[in-house]
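**Q** I'll drop the sequence and a predicted model, then ask my questions.
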Amino acid sequence: MNARAEPAELALQTVTFTLDGQAIQAFEGESILSAAERHGVNIPRLCYTEGLRADGNCRACVVEIKGERTLAPSCCRNATAGMQVQANSERARKSQKMVLEMLLSDMPDQGYKWNEFDESQQHGELSDWAARMDVSVRPALKALRREQPAADLSHPAMAVNLDACIQCNRCVRACREEQVNDVIGFALRGAHSEIVFDLNDPMGDSTCVACGECVQACPTGALMPKTQIGSQIVDKKVDSVCPFCGVGCLLTYNVKDNVIVSVDGRDGPANHGRLCVKGRFGFDYAASPQRLTVPLIRKAGVSKDPALLQNLNRDTADWSEVFREATWEEALAYSAGTLKSLRDTHGKKSLAGFGSAKGSNEEAYLFQKLVRTGFGSNNVDHCTRLCHASSVAALLEGVGSGAVSNQVNDVEHAGLIFVIGSNPTGNHPVAATWMKNAAKRGAKIVLADPRVTDIGKHAWRTLQFKADTDVAMLNALIHTVIDEGLTDQAFIRDRVSNFEALRENVKGYSPEAMAPICGIPAQTLREVAREFASAKGAMILWGMGVSQHVHGTDNARCLIALSTVTGQIGKPGSGLHPLRGQNNVQGASDAGLIPMMFPNYQRVDNPAVHTWFEDFWNTPLDSQPGYTVVEIMHKALAPDSDPHKIRGMYIMGENPAMSDPDLNHARHALASLEHLVVQDIFMTETAWLADVVLPATAWPEKTGSVSNTDRMVQLGKQAIDPPGEAKPDLWIIQQLAKRMGLDWNYAGEHAGVAAVYEEMRLAMHAAISGISWERLERESSVTYPCLSADDPGQPTVFIDSFPTADGRVKLVPADIIPANERPDADYPFVLITGRQLEHWHTGSMTRRATVLDALEPMATASLCGADLLVLGLQAGDVITVRSRRGQVAIRVRRDDGTPQGAVFIPFAYYEAAANLMTNAALDPFGKIPEFKYCAVAVRPGGQLPATAGYGAGVEAG
């Protein structure tokens, strides 16, 4: 993160200087430009914008300083005591206006970026400053205008119009210094100099990752979103939160005629104006013609056939062959009435609900309350079970809290950043920028992963360990710390329990013994362990590559131990951070959308907690933990004699028919339900197996709060109206509750969202008691724990103690547990699944976003060059990947970061659903499936499905 000229971040000391004859104060180290602006004196500027390093190359902001021969750029000249500055002297004004006139004379007759308040100003900030300074262009200068370069429209999202480029350098700094993507640069010299992408490639052919930081930085429209070239006048601008990954970037929707036309990054605490390709360009899914707009009921006599999903084309499938339209009253009465009948006939354990981490905190809270008080059991879960359940289990056991200890951008204070089982540049791109910024400042990144991903370009050391050997490698690091006397003995003495058991356990895990197992040289393991222990701050960030194993909880236990024995927790630039995958995984879990916990991680089988919630909700509650996602699928297929057989389900915003492991089994289970109610914005694969489909609202169509990976509760506001008869999720939940006999009354706007939030705040008071709805509306983002109205929140926790019974970390030793399924002669490869930059979750949203689908339209399987050679394959060929549970035909992509003997497949493509092959074996503690490891066979050739991204199905190979 570059230094920002914000007063709160500068030293408290001030200096006094004179500006245009008036004595004013500047903060020590503050620029003349910034100080002048704070005192109401506006100086023109073009190459300077807040958030980017001041460069001083446009010379529009020059001022006259007494005693100096030349004019000085005020953006990169700091004010000093006694300095006498004139920003409005004749000399300064003449120079400022000359710069503006010369730049304006080179502009094309037809501009690209009209001022949002005045359509006569078509060159963005340049036109704006020219108007404010009363600058017009003399015809003689216009006659000398440069030869105008041709437009580059090769990129799906952005237009490059260098005829409007003033070479201010903002795009270069945004790309290289903010996002650290190193795509944009300068080429040639003098009058021939120009902005280029890579080696002067068309933007669409370059390595650009489409974060859009350059278009946000560009002052004139030389780089523009294609959706907003021309008039910038919109009906409204609405502040919200990005609906994709857990980083929680704040953004602003620009809306015209009830359509989002573009998105701007907002200066939120998690992103400071930055966005990634999904946040900036993935917005038009909400306007997709495939949106559900009316309630649907399955036609009488139409059976649920899971085999239908194998060749289903999302883009062309016609739901009218399976469903009929219904009124809301009919659909709600049928949904609730049948669920209630199943409950009353077969018992309270016969129903279950899957909530969503893509919705709001309020929806998650109300959904779990409906299941617990209306259905009568704790059979409620959501996709955190498939993401970080094992991480949360280990964290609750060890440190007493499932949330992160330090926020992502705290890597600014770290000396070493340990990234394991995560591809942050693809999965959490804005978070990755903070890591890359830290590396440029000297922090050492260690990437530990079976796959070498893009963050490896910035790594000090890369630990490409053999898949499934996490515990062996991590125990070797812990062994080294203890064996070489690198522990923080005072921290262990005062704040740790069970250290002796850990020390005894890791005695046999020396780097020399573990090197053949994990594939990392012993010397490298020792080197990394020493650096971790001695760093001023060492921060561990991990993803689902750690958690999605049968030993995922043990993996996290080892990370907790490594951080603890070195004292690298409870201080800036240190600690433990499991990166959350969806926009509200943290908040949905906090709100109680898990089967063994009430809101704020209070166990349902704790008698005191159970009694408190019975009183709070004024109803009897089940005292036993419910079933998890995968267990519910098993129970749906249980014999009729099983008293806990699941017969009815209510699924909101989840797509288990794509996201669950062993999809053939999961789809069979869903199809076997006597009654399935699905609430969503699209006809997902799960919706095709439903009895009732309820059309809900997309994120930009609702108001509500979400909690990001950094423990920030953040407010999103409704920007557009939902299509047709689609209704707010919060309203639908309440309507179903009413018809199941619950007497709820949440009055107010947006289906009573404020009233629901305030009730939730009481239910999880220990975390967010200081964050009222009014405060959230006022501040947009507040970090928890936040215990009072004037508490700013605690970005770093565990400073003095841990929220465990004795205030200490409990270390839990871990031993090697092999994967549930190992490669053999029939299935010699390992399948690794994950996300990719352009797509997210099951693709139901991102693959309906025009730009995102254009950038990455086709499912691919990644293999390294060595394996391609052995198999006789080239990039683009078709292969068939098969496990003991299913198979897919898919095109192959070369990726030498993927290790030999492994194949990587993203799980966003319905036409090549990776989860047809994955293993449903569970971690015994977190109950999370082993998505990240199963045995597969790879053979050349196969039948590609005739679905989107492929065209006609053909036999290949």
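**A** Looks like it arrived, so ask away.
**Q** quick one, what contacts A889?
**A** Residues near A889 by C-beta atoms under 8 Å, 6 or more residues apart in numbering: 878-880, 912, 942-945, 956. To be clear about C-beta, it is placed using only N, CA and C from the backbone, and glycine gets the same treatment.
**Q** where does it fall, secondary structure wise?
**A** Here A889, judged by DSSP states H and E, is contained in strand 887-894.
**Q** could you do Y827 as well?
**A** Applying DSSP H and E, one finds Y827 in no helix or strand.
**Q** quick one on the thing from earlier: what's the first helix or strand after the strand holding A889?
**A** strand 902-906.
**Q** show me what that following strand is packed against.
**A** Applying 3 or more C-beta pairs under 8 Å, 6 or more residues apart in numbering; DSSP states H and E, one finds that strand 902-906 contacts strand 829-834, strand 860-863.
**Q** any idea which of those strands gets closest to A591?
**A** strand 829-834 (26.5 Å; C-beta to C-beta).
**Q** and whichever helix or strand comes after that closest one, what's buried?
**A** Under the assignment DSSP H and E, the closest C-terminal helix or strand after strand 829-834 is helix 850-855. Buried residues in helix 850-855, counting neighbours by 16 or more other C-beta atoms under 10 Å, are found at 850-853, 855.
**Q** quick revisit: so the strand holding A889 versus strand 902-906, what angle?
**A** Going by axes from the mean of the first three to the mean of the last three C-alpha atoms, to 10 degrees, strand 887-894 is angled at 100 degrees with respect to strand 902-906.
**Q** could you give the average pLDDT over strand 887-894?
**A** Average pLDDT, strand 887-894: 97.
**Q** buried residues, stretch 783-800. List them.
**A** 783-787, 793, 795-798.
**Q** what about Q110, how many residues nearby?
**A** Number of residues near Q110 (other C-beta atoms under 10 Å) recorded here: 10.
**Q** also the one 3 residues further on?
**A** The number of residues packed near K113 is 27, by other C-beta under 10 Å.
**Q** so how far is A913 from it?
**A** For K113, the distance to A913 (C-beta to C-beta, to the nearest Å) stands at 42 Å.
**Q** and P929, bridged to which residues?
**A** Note on P929: beta-bridge partners by DSSP bridges are L922.
**Q** which ones are touching it?
**A** Applying C-beta under 8 Å, 6+ apart to P929 gives the contacts 386, 548, 630, 660-661, 918-922.
**Q** mind redoing it with 6 Å?
**A** 630, 661, 920 (C-beta atoms under 6 Å, 6 or more residues apart in numbering).
**Q** any idea how far the first one lies from K927?
**A** When distances are taken as C-beta to C-beta, V630 and K927 turn out to be 7 Å apart.
**Q** pLDDT on stretch 175-193, on average?
**A** Stretch 175-193 carries an average pLDDT of 93.
**Q** next one: stretch 785-796
**A** On average, stretch 785-796 scores 94.
**Q** cool, and stretch 656-670?
**A** The average pLDDT within stretch 656-670 is 94.
**Q** and stretch 48-56, what's its mean pLDDT?
**A** 94.
**Q** could I get it in PDB with only the CA atoms?
**A** Output of stretch 48-56 as PDB, limited to C-alpha atoms (Å, rounded to 0.1, in the frame of the first residue of the first chain):
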ATOM      1  CA  TYR A  48      -1.700  13.100  -9.200                       C
ATOM      2  CA  THR A  49      -4.700  11.200  -7.600                       C
ATOM      3  CA  GLU A  50      -5.200  10.100  -4.100                       C
ATOM      4  CA  GLY A  51      -3.900   6.600  -3.500                       C
ATOM      5  CA  LEU A  52      -1.200   6.700  -6.000                       C
ATOM      6  CA  ARG A  53       2.400   7.700  -5.400                       C
ATOM      7  CA  ALA A  54       2.900  11.400  -6.400                       C
ATOM      8  CA  ASP A  55       5.000  11.600  -9.600                       C
ATOM      9  CA  GLY A  56       5.000  15.200 -10.600                       C
END
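**Q** which positions within that stretch qualify as buried?
**A** Neighbour-count burial for stretch 48-56 [16+ other C-beta under 10 Å]: 48-49, 51-52, 54-56.
**Q** just stretch 561-569 next, same as before
**A** 561-569.
**Q** which two from those residues end up farthest apart in space?
**A** Of all pairs drawn from the buried residues of stretch 561-569, the widest gap by C-beta to C-beta lies between A561 and G567 and measures 12.2 Å.
**Q** just want the most central residue of the chain.
**A** Centroid-nearest residue in the chain, with C-alpha atoms, centre = their mean: C245, separated by 1.8 Å.
**Q** can I get the biggest helix by length in the chain in PDB, CA atoms only?
**A** The single longest helix within the chain, with elements called by DSSP state H, is helix 328-346. This file holds the C-alpha atoms of helix 328-346, laid out as PDB (Å, rounded to 0.1, in the frame of the first residue of the first chain):
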ATOM      1  CA  TRP A 328     -46.600 -16.200  -4.700                       C
ATOM      2  CA  GLU A 329     -49.500 -17.200  -2.500                       C
ATOM      3  CA  GLU A 330     -49.800 -20.700  -4.100                       C
ATOM      4  CA  ALA A 331     -46.000 -21.300  -4.100                       C
ATOM      5  CA  LEU A 332     -45.600 -20.200  -0.400                       C
ATOM      6  CA  ALA A 333     -48.600 -22.200   0.800                       C
ATOM      7  CA  TYR A 334     -47.400 -25.300  -1.000                       C
ATOM      8  CA  SER A 335     -43.800 -24.900   0.200                       C
ATOM      9  CA  ALA A 336     -44.600 -24.300   3.800                       C
ATOM     10  CA  GLY A 337     -47.600 -26.500   4.000                       C
ATOM     11  CA  THR A 338     -45.700 -29.600   2.700                       C
ATOM     12  CA  LEU A 339     -42.700 -28.900   4.900                       C
ATOM     13  CA  LYS A 340     -45.000 -28.600   7.900                       C
ATOM     14  CA  SER A 341     -46.800 -31.800   7.000                       C
ATOM     15  CA  LEU A 342     -43.600 -33.700   6.800                       C
ATOM     16  CA  ARG A 343     -42.400 -32.300  10.100                       C
ATOM     17  CA  ASP A 344     -45.700 -33.200  11.900                       C
ATOM     18  CA  THR A 345     -45.900 -36.700  10.200                       C
ATOM     19  CA  HIS A 346     -42.200 -37.900  10.500                       C
END
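**Q** tell me how far that helix lies from the chain's centre.
**A** A distance of 36 Å separates the C-alpha centroid of helix 328-346 from that of its chain, computed with C-alpha atoms, centre = their mean, to the nearest Å.
**Q** packing partners for that helix?
**A** Other helices and strands packing on helix 328-346, by 3 or more C-beta pairs under 6 Å, 6 or more residues apart in numbering; DSSP states H and E, are strand 692-695, helix 729-739.
**Q** got the contact list for it?
**A** 295, 350-351, 647-648, 675, 677, 692, 735-736, 739-740.
**Q** would CSV of those residues with distance to M539 and neighbour count be doable?
**A** Compiled in CSV, the contacts of helix 328-346 are given as follows (distance: C-beta to C-beta, whole Å; neighbours: other C-beta atoms under 10 Å):
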residue, distance to M539, neighbour count
P295, 48, 26
S350, 46, 25
L351, 42, 25
R647, 47, 24
G648, 45, 24
H675, 47, 19
V677, 43, 25
V692, 46, 25
Q735, 45, 21
L736, 43, 24
R739, 49, 18
M740, 46, 19
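**Q** which of these sits closest to R808?
**A** Using C-beta to C-beta, the contacts of helix 328-346 come closest to R808 at L351, 40.6 Å.
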